[in-house]
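Participant: Provide a 3D model corresponding to the input given below.
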Amino acid sequence: MNPLPLVLLSCLVATTAAAAGPRARDLGVPFEGTPGLLNAITDVAGVAVGQVTLVEDLADGRKVRTGVTAILPRGRDSLDIGAYAGWFALNGNGEMTGTTYLEEMGRLDGPVMITNTHSVGTVHDAVIAWRVKAGPPDASGYWWSSPVVAETWDGHLNDINGFHVRPEHAFRALDTAAAGPVAEGNVGGGTGMICHEFKCGIGTASRRVRVADREFTLGVLVQANYGIRDTLRIAGVPVGQHIRNDRIYTDPALAADSGSIIVVVATDAPLLPHQLKRIARRPALGLGRMGSFAGNGSGDIFIAFSTANADALKGAALTQSSSLGNDELDPLFNATVEATEEAIVNAMVAARDMQGNEGHYAKALPHAELVRLLGQYGRVVKPAAPR
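Facilitator: Predicted coordinates for the structure are as follows:
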């Protein structure tokens with residue numbers, strides 16, 4: 001039997017289950033700031049997210065636990081109109097392609113893709129092919145692309161050297177990308193990911209901020225695969241020091257911070273590339289709140305883009321861009337920190353136990369124990385009303 005239909009069926013089941021589960025606020029985890037309507041990166045108008053989740057047990061005993069996530073800054077318009085952007089590597093033991101061009105030009109042309117470490121090349125090639133097939137050539141007459149593709153390592157749970165992410169999976173993530181709620185946890189590129197030795201994956205959050213008498217939205221999406229248990233803090237509570245059972249690594253030599261996290265920040269605030277580079281540094285502070293110290297083996301790489309100034313990115317010989325003044329950026333810096341922290345916790349709360357390749361497993365963060373610990377430290381709040 002051709003395994004592809006089974007893989008796609010697994011994708012649909014996993015995405016639906018993740019979308020239906022509780023989020024951190026539903027458990028009473030306290031966060032600062034005011035979220036957008038969906039508390040997701042898609043609260044930024046125009047941003048679309050698509051995900052393909054690959055979960056399959058192969059006949060030879062190998063386990064597929066991986067996928068791909070696509071973030072389109074302007075939806076389908078991302079084929080033709082770029083976005084001002086900046087990026088930052090807190091620790092560079094990882095990969096995000098396309099950053100040399102982004103650094104030089106200050107712009108993102110096309111989507112941001114996230115997958116596993118050994119599928120970056122496949123997804124990179126697929127994005128170029130998608131652009132050639134779906135979009136018109138650029139002003140020079142060529143279909144030129146320098147895709148941004150980022151990764152984290154899912155080799156503990158996934159048969160990563162089986163190269164199970166194929167071009168058609170990247171195409172599907174791109175073609176099905178949409179606004180609206182974003183599935184979290186064991187989905188997309190985050191399917192096989194682990195965070196602070198708990199099952200983790202994709203998470204998202206947003207903030208509404210008021211700057212210069214105008215309201216703007218900032219959203220964050222993470223693929224979280226970093227951290228050790230001992231340092232984990234949630235809402236300031238040293239959760240990792242209390243929940244000691246079901247640790248993934250019993251050998252201290254293996255229990256190093258050798259994972260990674262990719263953080264994508266989107267905003268509709270008018271910002272120039274150098275300001276977006278400043279925004280792209282701030283997820284590091286959200287990671288610090290969670291107990292990350294960006295260990296030697298970790299790849300902590302962040303990208304930020306703005307959906308404003310579309311007209312200035314249409315290729316005219318003379319353009320004008322608007323921007324907030326540098327003195328007005330503090331609310332956006334703060335929103336980035338807050339949304340990054342909440343997105344990571346959302347990823348942990350949404351994730352579910354997973355049995356993976358070679359008998360490996362990852363247990364999800366136990367909700368009841370988390371709530372008990374928050375209450376013990378006086379940090380639990382009344383859960384949010386059902387959505």
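
Participant: can you give me the helices in the stretch 1-150 of the chain?
Facilitator: Counting by DSSP state H, counting those that start in this stretch, the stretch 1-150 of the chain has these helices, from start to end: 4-20, 99-105, 120-134.

Participant: go on, the stretch 251-387 of the chain?
Facilitator: 273-281, 283-290, 330-350, 367-376.

Participant: which ones are touching Val237?
Facilitator: Applying CB atoms under 8 Å, 6 or more residues apart in numbering, we find Val237 in contact with 373-374, 376-377, 379. Backbone N, C-alpha and C define where each C-beta goes, glycine included.

Participant: deepest of the helices of the stretch 251-387 of the chain, which one?
Facilitator: The highest mean neighbour count among those, using mean count of other CB atoms under 10 Å, belongs to helix 330-350: a mean of 26.

Participant: Pipe the helices of the stretch 251-387 of the chain into TSV and attach distance to Pro73 per row.
Facilitator: TSV is the format used below for the helices of the stretch 251-387 of the chain (distance: least, CB to CB, whole Å):
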stretch	distance to Pro73
helix 273-281	12
helix 283-290	17
helix 330-350	16
helix 367-376	33
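
Participant: Of all the ones you listed, which one is nearest Ser323?
Facilitator: The closest of the helices of the stretch 251-387 of the chain to Ser323 is helix 273-281. By CB to CB, the value is 6.5 Å.

Participant: Could you list the alpha-carbon positions for that closest one in CSV?
Facilitator: Taking C-alpha atoms only, helix 273-281 is exported to CSV below (Å, rounded to 0.1, in the frame of the first residue of the first chain):
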residue,chain,number,x,y,z
PRO,A,273,14.9,46.6,9.0
HIS,A,274,17.2,47.9,11.7
GLN,A,275,14.3,48.2,14.1
LEU,A,276,13.1,44.7,13.3
LYS,A,277,16.6,43.4,14.1
ARG,A,278,16.2,45.0,17.5
ILE,A,279,12.8,43.3,17.9
ALA,A,280,14.4,40.0,16.8
ARG,A,281,16.8,40.1,19.8
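
Participant: So what sits opposite the most centrally placed residue in the chain in the bridge?
Facilitator: Centroid-nearest residue in the chain: Val222, 2.4 Å away (criterion: CA atoms, centre = their mean). Note on Val222: beta-bridge partners by DSSP bridges are Gly203, Val263.

Participant: and the gap between it and Ile248?
Facilitator: Separation of Val222 from Ile248 (CB to CB, to the nearest Å) stands at 19 Å.

Participant: Least confident of the helices of the stretch 1-150 of the chain, on average?
Facilitator: Among these, helix 4-20 has the lowest mean pLDDT, at a mean of 44.

Participant: Using a markdown table, lay out the helices of the stretch 251-387 of the chain together with distance to Leu102 and mean pLDDT.
Facilitator: Output for the helices of the stretch 251-387 of the chain, formatted as a markdown table (distance: least, CB to CB, whole Å; pLDDT from 0 to 100):
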| stretch | distance to Leu102 | mean pLDDT |
| --- | --- | --- |
| helix 273-281 | 8 | 98 |
| helix 283-290 | 16 | 98 |
| helix 330-350 | 18 | 98 |
| helix 367-376 | 37 | 97 |
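
Participant: okay, and for the chain, where does confidence drop off?
Facilitator: Where the chain drops to pLDDT under 70, the residues are 1-20, 249-256, 383-387.

Participant: Which parts of it are strands?
Facilitator: 48-57, 63-72, 83-92, 107-108, 112-116, 148-152, 194-195, 198-199, 202-211, 214-225, 260-267, 299-306, 354-355, 361-362 (DSSP state E).

Participant: right, and those strands - which one's nearest Asp138?
Facilitator: Nearest to Asp138 among the strands of the chain is strand 107-108 (12.7 Å), distances taken as CB to CB.

Participant: For Trp143, which non-adjacent residue is closest in space?
Facilitator: Spatial nearest neighbour of Trp143, excluding adjacent residues (CB to CB, 6 or more residues apart in numbering): Val132 at 4.4 Å.

Participant: Can you report how many residues lie near the one you found?
Facilitator: Val132 has 13 neighbours, counted by other CB atoms under 10 Å.

Participant: List the contacts of the closest residue in space to Glu103 that isn't next to it in sequence.
Facilitator: Sequence neighbours aside, Trp87 is the residue nearest to Glu103 in space, at 7.1 Å (criterion: CB to CB, 6+ apart). Trp87 is in contact with 96, 99, 102-103, 277, 280, 301-304, counting by CB under 8 Å, 6+ apart.

Participant: How about Gly162?
Facilitator: Applying CB under 8 Å, 6+ apart to Gly162 gives the contacts 58, 62, 64.

Participant: Just the buried subset of these, please.
Facilitator: The neighbour count (16 or more other CB atoms under 10 Å) marks 62, 64 as buried among those.

Participant: doesn't Val112 make contact with Leu174?
Facilitator: No. At 11.1 Å, Leu174 does not count as touching Val112 under the criterion of CB atoms under 8 Å.

Participant: which residues are common contacts for the two?
Facilitator: Here Leu174 and Val112 share the contacting residues Ala70, scored by CB under 8 Å, 6+ apart.

Participant: which residues does the closest residue to Gly325 other than its chain neighbours contact?
Facilitator: Of all residues not flanking Gly325 in the chain, Ala212 sits nearest, at 7.7 Å (CB to CB, 6+ apart). If a contact means CB under 8 Å, 6+ apart, then Ala212 has 324-325, 328 as its contacts.

Participant: Distance to Asp154 added to those residues, as JSON lines?
Facilitator: Shown next, in JSON lines, are these (distance: CB to CB, whole Å):
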{"residue": "Leu324", "distance to Asp154": "38"}
{"residue": "Gly325", "distance to Asp154": "42"}
{"residue": "Glu328", "distance to Asp154": "39"}
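
Participant: Closest one to Thr34 out of those residues, please.
Facilitator: Using CB to CB, Glu328 comes nearest to Thr34 of the contacts of Ala212, at 17.7 Å.

Participant: so how far is Gly36 from that closest one?
Facilitator: From Glu328 to Gly36 the distance is 20 Å (CB to CB).
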